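Participant: This is a predicted model, with the sequence first.
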Amino acid sequence: MITTMTAQLSTPTLLRLIDYLQTRSGSKDISEALNTALEFWLDAKRELPAGADPTGIRGYQWRSLFLPEGTVLRSWSYGEHNYARVEGDKIIHDGESVSPNQFARSFTRTARNAWFDLSVRRPGDKHFKMASALRKELAAELASIPTTPAVSAMPAVAPAAAMPIPIDVTAVAPNPPVAAPPAPREAVHKSDFDPGWDLPERRKFRYRMEDIAF
């Protein structure tokens, strides 16, 4: 059954639709094209969780944990639950923007740890889960991702420090200069001394024969 109704369509969108129908094969009926486009749009929206951001960009970054738009935070105090919701890039509670710690302390008179006090249900989650458990799961998931160590390219030519350096022995340890032979001593004429001057002397004093006579 076809229901006829009037709907407003912007001129640029209508021109793009007409141009598309002219360049493609098959039916060029505008009503059929609009009906098909709406079916595709509804199917895509049905696959998204309620309140989720279709682009997946908006949300609140809580340290390492990202809370996409549509996430619900729940706290428990004095026998009842309290709720906050991620809208855009903020956590909204009672019409005011709050941080997770502010929301956790809103109903208590003592200091609270929001990681262990708040439960989180993101778009697509069936149940609430403690924020600390989600953070732990995220850390385990990141740790399981294999990392490829960076391989440094080996240089084609070894660095100068690693290459053996030829050693010039003559340059490092030159031959010591050869001492010139001592000059020959002048010949000593034996005639300048008395006979027997070179004989071993065994007495302390030596007398000449002419000194004995006197």
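Facilitator: In hand now; what should we look at?
Participant: Return the list of helices and strands in contact with the helix or strand where Ala133 lies.
Facilitator: For Ala133, the enclosing helix or strand under DSSP states H and E is helix 131-144. Using 3 or more CB pairs under 8 Å, 6 or more residues apart in numbering; DSSP states H and E as the contact test, the elements touching helix 131-144 are strand 65-68, helix 114-117, strand 119-121. Where C-beta positions appear, they are placed from N, C-alpha and C, glycine not excepted.
Participant: For this structure, which element, helix or strand, carries the lowest mean pLDDT?
Facilitator: Ranked by mean pLDDT, DSSP states H and E, the weakest helix or strand in the chain is helix 169-172, scoring a mean of 50.
Participant: okay, now the domains of this structure?
Facilitator: Taking automatic domain parsing as the domain assignment, the record places the domains of the chain at 11-47, 59-143.
Participant: residues contacting the residue nearest to Tyr83 when sequence neighbours are not counted?
Facilitator: Distances taken as CB to CB, 6 or more residues apart in numbering place Arg74 nearest to Tyr83, at 5.5 Å, with adjacent residues excluded. Taking CB atoms under 8 Å, 6 or more residues apart in numbering as the criterion, Arg74 is in contact with 81-84, 118-121, 128.
Participant: Please indicate which of those are buried?
Facilitator: 82, 84, 118-121 (16 or more other CB atoms under 10 Å).
Participant: Gly88 contacts Arg58, correct?
Facilitator: Yes: between Gly88 and Arg58 there is a contact at 5.4 Å, judged by CB atoms under 8 Å.
Participant: Which one's more surrounded, these two?
Facilitator: Relative neighbour count places Arg58 above the other of Gly88 and Arg58, with 16 against 12, counting by other CB atoms under 10 Å.
Participant: what separates that one from Thr71, distance-wise?
Facilitator: Spatial separation of Arg58 from Thr71 under the definition CB to CB, to the nearest Å is 11 Å.
Participant: what's the neighbour count on Ser106?
Facilitator: The tally of other residues near Ser106 (other CB under 10 Å) stands at 16.
Participant: Could I get the contacting residues of it?
Facilitator: If you count contacts by CB under 8 Å, 6+ apart, Ser106 has them with 75, 82, 93, 98.
Participant: in stretch 91-106, what's buried?
Facilitator: Those buried within stretch 91-106 under the rule 16+ other CB under 10 Å are 91-93, 98, 100-101, 103-106.
Participant: can I get those residues in JSON lines with secondary structure and pLDDT?
Facilitator: Listed next are the buried residues of stretch 91-106 as JSON lines, based on DSSP: H, G, I helix; E, B strand; the rest coil; pLDDT from 0 to 100:
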{"residue": "Ile91", "secondary structure": "strand", "pLDDT": "96"}
{"residue": "Ile92", "secondary structure": "strand", "pLDDT": "95"}
{"residue": "His93", "secondary structure": "strand", "pLDDT": "93"}
{"residue": "Val98", "secondary structure": "strand", "pLDDT": "95"}
{"residue": "Pro100", "secondary structure": "helix", "pLDDT": "94"}
{"residue": "Asn101", "secondary structure": "helix", "pLDDT": "92"}
{"residue": "Phe103", "secondary structure": "helix", "pLDDT": "92"}
{"residue": "Ala104", "secondary structure": "helix", "pLDDT": "90"}
{"residue": "Arg105", "secondary structure": "helix", "pLDDT": "88"}
{"residue": "Ser106", "secondary structure": "coil", "pLDDT": "84"}
